[in-house]
Each structure stands twice: as structure tokens, then as C-alpha cells.
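J.: please work out how this folds:
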Amino acid sequence: MTCVLRMDQALYRLLHHRTEREAFLAGRFDELGWPDELVQAFATVDREELSATAKQICRNLLAGERGCSRGLRGAYGRVLQALEAGGRQALDVVYAFVESEQYDSYREVPYAGEGICVEEAFYEFLGQDEWFVRDARMMCLLTHEFLTALMGILTVNQDPAFYVRSELVHWNGAARVAVLRYPRAVAEALGGRKIAGVEVDVPWLYAATAERFVSGPVTPLVEDVLLGGRAYDGKEELRDTLQKLEELGLLQKEEQLG
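T.: As a prediction, the model looks like this:
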């Protein structure tokens, strides 16, 4: 039983860890730390098939499954486009991703243990990449595409098999919401238009309800109401804002609060 488990683990690592796969294909078994019996057990593995299968795993992650998932390219189209413009091929990025501890937190199928969705795992992986750490605008784009993808999923599936690890997302009793502040130039680039107001930083709402996905710039008042409570001081602007948010399903109505 132990031998079977170790072979399963070894095969998984060969398929998902490019550095170990390259060592195996080059015959550098000492780098793998395998016992002789495991080396012998894999002696007859079709090496071309091993490489082709590993490549297909990464291609599937990029492309997704027809009718089920948009894949990483669908979720992170602008991020991957920017990476490729900088000389980093999307497939190479995904090869590195599947070898990461962030990918290990992803659970592909329900009931396979607790895990996060692949979109969040990829966000965490790229969020530690030096290219994003040193470029605030690219980090904003990465976060925008992550929350757009995640909230889209949560709109369709209110009870997913994965859990959300990001502290950016909050449940307020009516919806899952996240509000981030982007520099005005970044927010206008994300939205593709000028945004009203004079604030240097623009609040941007992402929300998922059972009825709709909501994303876009909002007023500081909406930000305060959604994240800071709903203290009511009688102002007409606040009253109108509360009503609109309730109509959108982004806040519980007064009668629901009891």
C-alpha cells in the first residue's frame, strides 16, 4: 500500500513539477531523492507521453473546459497579455504555477478536501511574483481580474465546493462584496472611460448576489455603507443610497434585519 501511494505521489510530481520532470527525463535521479525501487518502477514510462500529458494539463488550465470554465486565459486575459508583451509566455507561467504551493491549495473536484478555486490560487501565485510586486498598476490589474472572475463564479454558484481565502471579500448578510480603491488613472483605464468625481482614489465595487454580478466605480458613500455599516442620520442622499443598494440585493432590507 505504501509503495502504491508513493508511486502515485511520484507520478503527480512528474506531471506537475517541471523541474522534477526535467531531472527525471535527463536521468538525474539523485536530484529526485527516489529509492532504487521507485526508479526501477518508472523505468518503462513513456517519456514523450509524460511530457505531452504535463503540457496538456497546463493547456487545459489556460483554456478551461468548454461550457464549464473560462480557464485562466479567460479570467486573466489582460494580465497574461501584459506578461506575454513583456516576454513571458503564458504556458511557461502556468508551468511554474502548477509547481507552486498556491496550486497545491487548489482543489479541482468537489469532496477532495478543502481548497480554493484555481482563479484564487493563480492570483496568490502571481501576487508574489516580482513583476507584480514592483509594479502597482499591474497589481491593480491582477486584483481587478481576480475579483471579477471570483465574483462571477460566486454569482452563478452561491454554494461552491471551494472556500474563499482572500480577506478582500466580505459577506454582509445579503451579498459577497469587495471594495478596493484604485488611483483615478488606473480606475479609468480599467473601466475604459472617465469617472465622475474629484477623488484621487476611486472606490471600485465587486459584488455577487443570487441575482447579479456587480462591478464598477462607486461613491465613497456606497463604500462606507457596504463596508462600514449602515448608520442612518436622516440625510436624503444616504436614504436614497440605502434604497438603491437594497433594490440591487447588496444590503438586507430593514424588515429582514428585524
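
J.: after whichever helix in the chain runs longest comes which helix or strand?
T.: Assignment by DSSP state H gives helix 136-156 as the longest helix of the chain. The element immediately downstream of helix 136-156 (helix or strand, assigned by DSSP states H and E) is strand 170-171.

J.: what's the average pLDDT for that next one?
T.: Per-region confidence: strand 170-171 scores 94 on mean pLDDT.

J.: relative to helix 136-156, how tilted is the next helix or strand along the chain from that strand?
T.: Using DSSP H and E, the helix or strand that follows strand 170-171 in sequence is strand 176-183. Angle between the axes of strand 176-183 and helix 136-156 is 160 degrees (criterion: axes from the mean of the first three to the mean of the last three C-alpha atoms, to 10 degrees).

J.: which strands border strand 176-183, and is each parallel or antiparallel?
T.: strand 170-171 (antiparallel), strand 201-208 (antiparallel) (DSSP bridges).

J.: quick check: buried residues in stretch 201-218?
T.: 202-209, 213-215, 217-218 (16 or more other C-beta atoms under 10 Å). No exception for glycine: its C-beta is placed from N, CA and C like everyone else's.

J.: would you mind measuring the gap between the ends of that stretch?
T.: From its first residue to its last, stretch 201-218 covers 11 Å (C-alpha to C-alpha, to the nearest Å).

J.: residues contacting that stretch, please?
T.: When contacts are defined by C-beta atoms under 8 Å, 6 or more residues apart in numbering, stretch 201-218 is touched by residues 144, 147-148, 150-152, 154-155, 158, 174-184, 187-188, 190-191, 195, 219-220, 222-223, 226, 248-250.

J.: which residue sits closest to H144, ignoring its sequence neighbours?
T.: What sits nearest to H144 in space, not counting adjacent residues and going by C-beta to C-beta, 6 or more residues apart in numbering, is L190, at 5.4 Å.
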